[in-house]
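**Student:** How does the following fold in three dimensions:
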Amino acid sequence: MATIKDVAKRAGVAVSTASYALNGINKVSQATVDKVLKAAQELNYQKNGIASDLKRTKTNTIALILSDLSGPYFSELIKGVQDVTTSNGYDLIACSSVGGDKSTATKFLREKRVDGAIVLATNISTEAIKASAREDFPIVVLDREVANPHVIHVEVDNQQGGYDATKHLLYKGHRSIAYVSGPLDSHDNKERFKGYKAALAASEIPYHSRWTINGDFTREGGYRATRTLIAQQNLPEAIFYANDEMAIGGLQAFSEKGIRVPEDISIIGFDDIQLAAYVHPPLTTVRQPKYEAGSLSVHLIFQMLAGESVDQTYKLATEFVERDSVKKR
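**Tutor:** I've put the predicted structure just below:
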């Protein structure tokens, strides 16, 4: 039986693009829609993964479990999930994971109050996810890999994004580059850090632990981490912040001390949240396909509920976005 991945390959498009076309979401051109529909017809692809074909005994509801409902990163992800669920007659419940394995969100998993779940919350344990997932209750995780046949892993290529950001700073002539990290247990942070170190190694630049400091993925954390670097009175030439929120906090810390970006120090973020283009200076960053990750995750849940075969892991490409926070050569 053909899957959406087969259709995407035949049409020469990304899986997320094929999902938009098959679900009637107005995110791609009519020419692309026609190409995807033609490929689906040639492969005899049946949209039996779509909600309208599922048993009516279901709740017709998908849960989206996030560590923070208010963060700017999450809005596009939620929109991607919402567009696909709505277009298929499904409801969406978005809930916070505050409380971890004792949270209401975990109850949704354990008690199967919805038909499937998408999890982006490191404080929901892997054990709780493994215990909840089953054939008629598929789970997509966005922040880790879980060894379970009913759990699918969707992520962006964080390691490549981290490599590209660091390589850009090196290309601009910087040789001392700090890394302001997210939570140390974060899968995304670990992958971005790997990319950072790989880029240094490729340019034969030694890694120094003194240039790595935790900022916990928050604006306040980035502000504090930057203040700490400033207090050392030995600033690097550039800083790669593991997300935009921390980079924006860093901009505030530099402004308070009269340190100019990019004249005195270059910085790069990660995510490309909406605010990144409007801070001063506009932030050079790595864009990750947040909307696409959300929409693809729901489509995969529908496929699994319909008994279709899907891959265990999907990796989406990042895109480097150059603005004005890195010094010109």
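
**Student:** how about the strands in the protein?
**Tutor:** Along the chain, the stretches classed as strands by DSSP state E are 61-66, 91-96, 116-120, 139-141, 151-156, 177-181, 212-214, 238-241, 266-268, 285-287, 313-316, 319-321.

**Student:** Give the buried residues for the fifth one.
**Tutor:** Along strand 151-156, these residues count as buried under the neighbour rule (16 or more other C-beta atoms under 10 Å): Val151, Ile152, His153, Val154, Glu155, Val156. To be clear about C-beta, it is placed using only N, CA and C from the backbone, and glycine gets the same treatment.

**Student:** And for Arg192, nearest residue in space, chain neighbours not counted?
**Tutor:** The shortest distance from Arg192 to any residue other than its chain neighbours is 3.6 Å, reached at Gly162 (C-beta to C-beta, 6 or more residues apart in numbering).

**Student:** Nearest to Ile301 among the buried residues of strand 151-156?
**Tutor:** For Ile301, the nearest member of the buried residues of strand 151-156 is Ile152. The distance, counting by C-beta to C-beta, is 8.1 Å.

**Student:** Show me what that closest one is bridged to.
**Tutor:** Counting by DSSP bridges, Ile152 is bridged to Val140.

**Student:** what's the distance between it and Gly215?
**Tutor:** Distance, Ile152 to Gly215, by C-beta to C-beta, to the nearest Å: 30 Å.

**Student:** now, of the strands of the chain, which is deepest in the fold?
**Tutor:** Per-residue neighbour counts averaged over each of these give the maximum for strand 238-241, namely a mean of 29 (mean count of other C-beta atoms under 10 Å).

**Student:** Show me the contact partners of it.
**Tutor:** Strand 238-241 is contacted from outside by 162, 165-166, 169, 172, 174, 176-180, 196, 215, 222, 226, 229, 247, 250, 265-270, 326, using C-beta atoms under 8 Å, 6 or more residues apart in numbering.

**Student:** Just the buried residues of these.
**Tutor:** Neighbour counting over the contacts of strand 238-241 (16+ other C-beta under 10 Å) leaves 162, 165-166, 169, 172, 174, 177-180, 196, 215, 222, 226, 229, 247, 250, 265-270, 326 as the buried ones.

**Student:** Take the residues you listed and keep only those in helices.
**Tutor:** Taking DSSP state H as the definition of helices, those contribute Gly162, Ala165, Thr166, Leu169, Tyr196, Gly222, Thr226, Leu229, Ala247, Gly250.

**Student:** Adding distance to Lys27, write those residues out as a markdown table.
**Tutor:** Compiled in a markdown table, those are given as follows (distance: C-beta to C-beta, whole Å):
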| residue | distance to Lys27 |
| --- | --- |
| Gly162 | 27 |
| Ala165 | 26 |
| Thr166 | 31 |
| Leu169 | 32 |
| Tyr196 | 32 |
| Gly222 | 31 |
| Thr226 | 36 |
| Leu229 | 40 |
| Ala247 | 28 |
| Gly250 | 33 |
